[in-house]
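> For reference, the sequence and a predicted model appear below.
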Amino acid sequence: MRAVFKREFLACFQSVVGWLFLAATLAFYYLYFYVYNMSYGYPYISYSLNAMSFLFLITVPILTMRVLAEERHAKTDQLILTAPVSVGKIVTAKYLALAAVFSAAMACISISPLLLARFGTVPYGESYTAVLGFWLYGLTCIAIGTFVSSLTESQVISAVLSFALLFIGYMMDGITQLISSGDSFLTSIMNCYNLTNGLERMSNGELDLTAVVYYISISALFLFLTTQSIQKRRWSASVKKLGLGIFHAGFAAAAVVFVVVLNLAAGALPSTITNIDCTASQLYAITDDTKNILSSLNKQVDLYVIVDEASQDEQLGTTLKKYGELSSKVKVTYMDPAVSPSFYQKYTQDRISMNSIIAVCGERSKVIDYSSIYTTSTDYQTYSTQTTGYDAEGQLTSAIQYVTNEDLQTVYEITGHGETALSGGFKESIEKMNLNLQSLNLIEAESVPEDSEAVIINGPVSDFSKDDADKIISYLNDGGKVLVTTMYMAEEMEQFTRILEAYELHLEGGIVIEASDGNFYQNPLYLLPDISYDTITAGVSDEYICAPYAQGLTYPKEEDGAVIYTELLSTSDQAFVKKDVQNMTGFDKEEGDVDGPFTVGIAVTDTKTQAQLIVYTSAAMFSDSADSIVSGNNSELFTAAVSSLAGEQQASSLIVIPVKEYTLGTLAVSQGTVMMTGLFTVIAVPAVLLLSGILIWLKRRKA
């Protein structure tokens, strides 16, 4: 077997075929790599792999057309039929030789993520899962080409038939869609030969074990059929030709049935077992928080999906399936609008989109419109919209918590002093926690309402009246919970600061300038403060928080036992407060500026009254622009702060699953590097390979 492998492998490189296969495969891959990954800066090599997958329809038939057909044409196949080595071993050795040639090309492709890592963050898990999927897909194509080569002595016919078979497998998804948009018995059978379905899932960063089983089993099946094809010829001269033909046909049929049953069994396994999420943001995995919520459910929750199951969003359908697998209390039902057009009107009078979901538990229900499942961003230069994130888990978990929790808590957002209203991801976080966010103008209210779970004061730009400040202080004295952010204003806000000074918190007039290079983002006013570990900061303790235009805060270092101070965010020792902000011309320290370090985030707890006060000295940190700089860490910190104020018992049911971002940031590659890489990989490497093959072929021909 080893001798056959060595002979076949060397034969690929003693002619032009092996060199041509390598040159074509690498040339096409590196062409897309040059465009997508180097020029556009995409860190995902799956873009390049998917773009050139069609190439196998041409290169694999060329690689495999001679492997058995040539020997049959030259009558040297008699050596196979009479060899002391089993036919199965000979077929396997020849297949492995071709697989080794293909694997050499994949080894070169596998270097790509390491090259891209020089220019930014690369999702290694997704990259190498895509490489594995592409490698298995290629090996399957080679097994099919090997089988076809055993059926004929004509290399041309072998190449044409291989192309036809591979093309059908490549286009099977589209073919079945033309026959039926749903899953009929016929299309289910036809999809057994869908060669690209598993490749697509693995290209998206999902290590699908059912796809691995599929590719391995299909490859083994076609190698078995190849062996049977040769075995049939070995006994063709026998007087028992008919009986042996039926025997081998029965073997082939049994093998096909076995492979189908094996793949059906693998597909019936729970996706929580067969699917391993390798994406950087864990797009397809279910978080531990959701698993804990589902495992503790003691009420039946029905998830009605407003769509025909055959037309569902595939990714959303996979997520819903996992919810059903993780809890027997969750039941997913698809409601076809064509059959039940008015079903959704039991729960809402608003029109909803196809694929929307209605969560129901008893008398409580919540509608998740399909538009909220995916997040998008708009490029206002081109006015194009791009899908940026997947929020199915966040929306589903929030809805399940809502319908199973009858106590809806209220959080009041103070207005009337130019406060910045919560918006974007921060308002969405409140909604996901199933908190009732209400506006509260203190002028119109005698006091903070008794049903208040917490109060948010977000960066007022005008001072409180004495009466307004007294209402907040009174609320705190009664054990209230308050989240405050501050914003620098040239005019002193005496009454507002009186709220902070009630707990001996003092704001330095001015804005913090960070002089430590590692503690700011692009601009010394955009602080990246040091994060102290606490239950509030636990989720971001190893990350960055962006706090633009922060003020300096000081507090008593010696506690009296009644009031506990927990520092959350702080500047470096090199920071200072710029006092004369109106006349500042640069970021250099001047006379009158105050040296740091300073606190920019603190949690205060009054052990006597159980009051809680959380203060961040940058109102801008709870804006979408600042949040995007640190990939959503600011909104995660905000969520943790609000959950902390809700109290330990309530906080355990206020789990927020953040949006799972689709893509990492683009890579920063200089134009010179792009051009040099393109010249080397797209032109130089394939040209050298092809030229080597031609020279070797000419040399052997002359010899």
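Yes, it's here. Since this is a predicted model, take the numbers as computed values, not measurements.
> ok, now which ones touch the residue nearest in space to the middle of the chain?
With the centre of the chain defined as its mean C-alpha position, the nearest residue by CA atoms, centre = their mean is residue 283, 3.5 Å away. When contacts are counted by CB atoms under 8 Å, 6 or more residues apart in numbering, residue 283 is found next to 204-206, 277, 390, 660, 662. Every C-beta, even on glycine, is put in place using the N, C-alpha and C of the backbone.
> now it: how far from residue 105?
29 Å (CB to CB, to the nearest Å).
> One more: residue 359?
With distances taken as CB to CB, residue 359 is found 49 Å from residue 105.
> ok, those two, which is more surrounded?
Set residue 359 next to residue 105 and count neighbours by other CB atoms under 10 Å: residue 359 wins out with 24 against 20.
> which residues does that one bridge with?
residue 303, residue 366 (DSSP bridges).
> so who does it touch?
Contacts were defined as CB under 8 Å, 6+ apart; by that measure residue 359 touches 301-303, 365-368, 396, 399-400, 402-403.
> next one: residue 18
The neighbours of residue 18, taking CB under 8 Å, 6+ apart as the test, are 12, 63, 101, 693.
> The first one and residue 97 touch, don't they?
Yes: taking contact to mean CB atoms under 8 Å, the distance of 6.8 Å between residue 12 and residue 97 places them in contact.
> More neighbours: these two, which one.
Set side by side, residue 12 and residue 97 give different neighbour counts by other CB under 10 Å, the larger being at residue 12 (23 against 20).
> How about the more buried one, nearest residue that isn't a chain neighbour?
With CB to CB, 6 or more residues apart in numbering as the criterion, residue 12 has its nearest non-adjacent residue at 3.2 Å, and that residue is residue 18.
> Wasn't the one you found part of a strand?
No: assessed with DSSP: H, G, I helix; E, B strand; the rest coil, residue 18 is helix; it does not lie in a strand.
> per-residue confidence at it?
Per-residue confidence at residue 18 stands at 85 (pLDDT).
> What separation do you get for it and residue 151?
Computed as CB to CB, the residue 18 to residue 151 distance reads 23 Å.
> The residue nearest to residue 12 and residue 693: what is the separation?
From residue 18 across to residue 693, the span is 7 Å (CB to CB).
> And for residue 655?
Applying CB to CB to residue 655 and residue 693 gives a distance of 60 Å.
> ditto for residue 364
The spacing between residue 364 and residue 693, counted by CB to CB, is 70 Å.
> Tell me where the longest helix sits in the protein.
helix 241-268 (DSSP state H).
> Just give me how far that helix sits from the chain centre.
What separates the centre of helix 241-268 from the centre of its chain is 39 Å, taken as CA atoms, centre = their mean, to the nearest Å.
> Then stretch 34-41?
On CA atoms, centre = their mean, the centre of stretch 34-41 falls 20 Å from the chain's centre.
> How about stretch 565-579?
Relative to the mean C-alpha coordinate of its chain, stretch 565-579 is positioned 35 Å out (CA atoms, centre = their mean).
> Also stretch 262-277?
That offset, for stretch 262-277, works out to 20 Å (CA atoms, centre = their mean).
> And that stretch, end to end?
23 Å (CA to CA, to the nearest Å).
> Quick one: residues in contact with that stretch.
The contact list for stretch 262-277, computed with CB under 8 Å, 6+ apart, reads 192, 205-210, 213-214, 217, 283-286, 318, 321-322, 325-326.
> nearest spatial neighbour of residue 287, skipping sequence neighbours?
The nearest residue in space to residue 287 (CB to CB, 6+ apart) is residue 657, at 5.9 Å.
> Please name the residues that touch that neighbour.
Contact analysis of residue 657 by CB under 8 Å, 6+ apart lists 287, 289-290, 391, 393-394, 397-398, 432.
> go again using 6 Å as the cut-off
Residues counted as contacts of residue 657 (CB atoms under 6 Å, 6 or more residues apart in numbering) are 287, 393-394, 397.
> what's the closest of those to residue 618?
Within the set of those, residue 394 lies nearest residue 618; the separation is 25.5 Å, counting by CB to CB.
> host element of the closest one?
Taking DSSP states H and E as the definition, residue 394 sits inside helix 392-404.
> list the helices and strands that helix packs on?
Using 3 or more CB pairs under 6 Å, 6 or more residues apart in numbering; DSSP states H and E as the contact criterion, the secondary-structure elements in contact with helix 392-404 are strand 357-361, strand 364-368.
> Determine the next helix or strand in the C-terminal direction from it.
Beyond helix 392-404 in the direction of the C-terminus, DSSP H and E gives the next helix or strand as strand 410-415.
> How far off centre is that next one?
With CA atoms, centre = their mean, you get 34 Å for strand 410-415.
> What are the buried residues along it?
Applying a neighbour-count criterion of 16 or more other CB atoms under 10 Å, the buried positions in strand 410-415 are 411-415.
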